[in-house]
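**Q** Quick check, what structure comes out for this input:
(2 chains)
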Amino acid sequence: MSGKIIVITSGKGGVGKTTATASIGAALALEGKKVAVVDMDIGLRNLDVVMGLENRIVFNIVDIVNGRCKVKQAAIKDRRIDNLFLIPASQSDNKDALTPEGVVGVSEELKEEFDYTLMDCPAGIEQGFENSIAAADEAVVVCTPDVSAVRDADRVIGLLYARSITPKLIVNRIVPLMVERGDMLSHEDMVDVLSVELAGLVPMDDNVVVSTNTGVPLVLQKESKAGSAFRRIARRLNGQNDLPIVVPQSQDRFWKKIGSRLGIGR
Amino acid sequence: MKKNSGQEKTPVRLKGLGKALCITLDPRDPFDYLKDELVKQFQDKKQLAVNTKIVFDFGGFQGYDDLIVELSAFLKEQFAVGDVSGPLKSKPKHANRPKRLEDMEKSWHKYQSEALILSGRVRSGQKAAAGKHLIILGDVNPGAEVIAGGDILVLGSLRGTAIAGNPDNEESIILALDFRPTQVQIGGYVAAGNPSSAEKMIEFAHIEQGTIVVEDYLKADPFGKIPWPQVR
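**A** Down below sits the predicted model:
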């Protein structure tokens, strides 16, 4: 059985790549798939903290690539979700510790072991980016509704196409109220410029901060809107292509809609 | 061999021939008429003509060396052109087609295309460059750059930077179906992009009295005044 390697990238930093990787990884594992999330940000690892697994790290991705350990030895099993594994980044090495060839070298072993391997790509388009996409079968580009994030995402999408990878887009941190007021780019505007297939739309959610700080997976929080958005994205990536895209809406709009239905709205 | 005065005169044509300019005319037409026509043709290409090599094409007619000398003196005096020579001897096929005059309207047929036509989206960080004209069938995203020695035509949205007439061709235009560039440059002039007009219209940028002007293309119809198609 051969799994898939999906790279999660964005170009710009701080748009939610790590959160998306952790959440989609957890959601795919909840779907019953065996999933590894790999932190490719050598020297600035974060994914272990977001997943609450930082105290169990023994080996890391650099050790695997350099042949110091097997994938199985380095993969840390999640505490709450079966089938979810973390392969952390090295904190002490510098960015040159990995090469694209080295990553391609371990990609077969990863595909053998896991149904899905999610690569959390570092920001930027330098060495770390090259390493992350070297072995990728698919790519997901995370982008927030900012002009600057769109610009960087566009660049990254161009680079991915140049390597024959067709990316999908996640629009993260949508504030429906601001979109309705016209103060925020709508996802239609973004798709207009980026012209790639949508993987999903994720609303702004305070639960993300809580989840990141406590290490409790976002997708396990039942009331989290972002969590359920990531669960739908995971199902789409898992082959459920007909799942409709849910556009985040403000409460306001919801009541207005009901009101107008009943004929009491403006 | 003079033509009858009542007979219709053949128009004088100018076209690029590598780095030279080729002037096509009927040597049987009266000298004054040819002079007037040449002035008309050169009027708006004054900068272009300076020191440019000129080649005459008499449509296959031989033995007008005197006319070449006369016209050459006239052009050098009026427009400071470079060398002037008669029909190129290296193209013997001209001699085999003495009645090419009827075909003058189709003079662009043997013209090699100098336009680069690209289809697809030009994304941020990408750069599409062409020596002469550039046509993009698709969109140009913010952060992308399109550069051409001649015109830039975007059949889609232009949101990035467009540099036409690079480095110094001020005749060039930049046209887009949806014109909202970050910045446009024509022949060294620079203009910052501004928000597109609310109503959807096809706009184009060109140079007018030393500044870049953006106009509704269909309303301005800049090329509609040219009476017959000519190579740009």
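
**Q** Check which helix or strand B:A128 maps to.
**A** For B:A128, the host element (DSSP states H and E) is strand B:127-130.

**Q** Each with direction, which strands does that strand pair with?
**A** Neighbouring strands of strand B:127-130 in its sheet, by DSSP bridges, are strand B:145-148 (parallel).

**Q** Give me the contact list for the strand it pairs with.
**A** For strand B:145-148, contacts defined as Cβ atoms under 8 Å, 6 or more residues apart in numbering or on different chains pick out B:116, B:122, B:126-134, B:136, B:140, B:152, B:154, B:158, B:160-166, B:172. Where you see a C-beta, it was placed from the backbone N, CA and C, and this is true even at glycine.

**Q** And those residues, which of them are buried?
**A** B:116, B:122, B:126, B:128, B:130, B:132-134, B:136, B:140, B:152, B:154, B:158, B:160-166, B:172 (16 or more other Cβ atoms under 10 Å in any protein chain shown).

**Q** hang on, the earlier thing: what's the strand holding B:A128 in contact with?
**A** Residues contacting strand B:127-130 (Cβ under 8 Å, 6+ apart): B:115-116, B:118, B:122, B:134, B:136, B:140, B:144-150.

**Q** buried set for stretch B:66-84?
**A** Neighbour-count burial for stretch B:66-84, with 16+ other Cβ under 10 Å as criterion, is recorded at B:L67, B:I68, B:L71, B:S72, B:F74, B:L75, B:F79, B:V81, B:V84.

**Q** cool, stretch A:74-88 as well?
**A** By 16+ other Cβ under 10 Å, the buried positions in stretch A:74-88 come out as A:A74, A:A75, A:I76, A:D78, A:I81, A:N83, A:L84, A:F85, A:L86, A:I87, A:P88.

**Q** before we move on, what about stretch A:149-169?
**A** Here stretch A:149-169 shows A:149-161, A:165, A:167-169 as buried, counting by 16+ other Cβ under 10 Å.

**Q** show me where the stretch 1-150 of chain A has helices.
**A** Secondary structure of the stretch 1-150 of chain A (DSSP state H, counting those that start in this stretch): helices at A:17-30, A:47-50, A:61-65, A:71-74, A:100-113, A:127-134, A:147-162.

**Q** From the contact counts, what lies against the third one?
**A** The one in question is helix A:61-65. For helix A:61-65, the packing partners by 3 or more Cβ pairs under 8 Å, 6 or more residues apart in numbering or on different chains; DSSP states H and E come out as helix A:71-74, helix A:100-113.

**Q** And for the longest one?
**A** Counting contacts by 3+ Cβ pairs under 8 Å, 6+ apart, helix A:147-162 is packed against helix A:127-134, strand A:138-143, strand A:167-174, helix A:187-194.

**Q** what's the answer for the second one, then?
**A** If you count contacts as 3+ Cβ pairs under 8 Å, 6+ apart, helix A:47-50 packs onto helix A:17-30, strand A:35-39, helix A:207-214.

**Q** then the strand holding B:A128 to PDB, C-alphas only?
**A** Extracted in PDB, the C-alpha atoms of strand B:127-130 (Å, rounded to 0.1, in the frame of the first residue of the first chain):
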ATOM      1  CA  LYS B 127       8.100  37.800 -15.600                       C
ATOM      2  CA  ALA B 128       6.900  37.600 -19.200                       C
ATOM      3  CA  ALA B 129       9.200  39.500 -21.600                       C
ATOM      4  CA  ALA B 130       9.000  40.000 -25.400                       C
END
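
**Q** Next secondary structure after it?
**A** strand B:133-137.

**Q** What strands line up against that next one, and which way round?
**A** For strand B:133-137, pairing defined by DSSP bridges yields strand B:115-119 (parallel), strand B:152-158 (parallel).

**Q** Columns distance to A:N55 on top of those, output as a markdown table?
**A** Compiled in a markdown table, the strands paired with strand B:133-137 are given as follows (distance: least, Cβ to Cβ, whole Å):
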| stretch | distance to A:N55 |
| --- | --- |
| strand B:115-119 | 54 |
| strand B:152-158 | 51 |
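
**Q** need those in TSV with mean pLDDT and distance to A:V142, can you?
**A** Output for the strands paired with strand B:133-137, formatted as TSV (pLDDT from 0 to 100; distance: least, Cβ to Cβ, whole Å):
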stretch	mean pLDDT	distance to A:V142
strand B:115-119	94	28
strand B:152-158	95	24
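
**Q** quick one: which helix or strand includes A:E180?
**A** helix A:176-181.

**Q** What of A:A199?
**A** Per DSSP H and E, A:A199 falls inside strand A:197-203.

**Q** Show me which positions of that strand end up buried.
**A** For strand A:197-203, burial by neighbour count (16+ other Cβ under 10 Å) applies to A:L198, A:A199, A:G200, A:L201, A:V202, A:P203.

**Q** ok, the second one - contacts?
**A** Read that as A:A199. A:V140, A:K168, A:L169, A:I170, A:I233, A:R236, A:L237.

**Q** So which bits of chain A are right by chain B?
**A** A:V147, A:V150, A:R151, A:D152, A:D154, A:R155, A:I157, A:G158, A:L159, A:Y161, A:V193, A:S195 (Cβ under 8 Å from any Cβ of the partner chain).

**Q** still on that earlier bit, out of the helices and strands packed on helix A:47-50, which one sits most buried?
**A** Compared across the helices and strands packed on helix A:47-50, strand A:35-39 shows the largest average neighbour count, a mean of 29 (mean count of other Cβ atoms under 10 Å in any protein chain shown).

**Q** What parts of chain B come near chain A?
**A** Taking Cβ under 8 Å from any Cβ as the contact definition, chain B meets chain A at B:R121, B:R123, B:S124, B:G125, B:Q126, B:D139, B:N141, B:P142, B:G143, B:A144, B:R159.

**Q** Now intersect these with the strands, please.
**A** Among these, none falls in strands (DSSP state E).

**Q** Make a markdown table from the residues you listed and add pLDDT to it.
**A** Output for the residues of chain B next to chain A, formatted as a markdown table (pLDDT from 0 to 100):
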| residue | pLDDT |
| --- | --- |
| B:R121 | 94 |
| B:R123 | 94 |
| B:S124 | 92 |
| B:G125 | 89 |
| B:Q126 | 92 |
| B:D139 | 95 |
| B:N141 | 94 |
| B:P142 | 92 |
| B:G143 | 91 |
| B:A144 | 94 |
| B:R159 | 93 |
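
**Q** where's the closest residue to A:D205 other than its chain neighbours relative to chain B, distance?
**A** Leaving aside its sequence neighbours, A:D205 sits nearest to A:A226 (Cβ to Cβ, 6 or more residues apart in numbering or on different chains; 3.6 Å). Going from A:A226 to chain B by Cβ to the nearest Cβ, to the nearest Å gives 27 Å.
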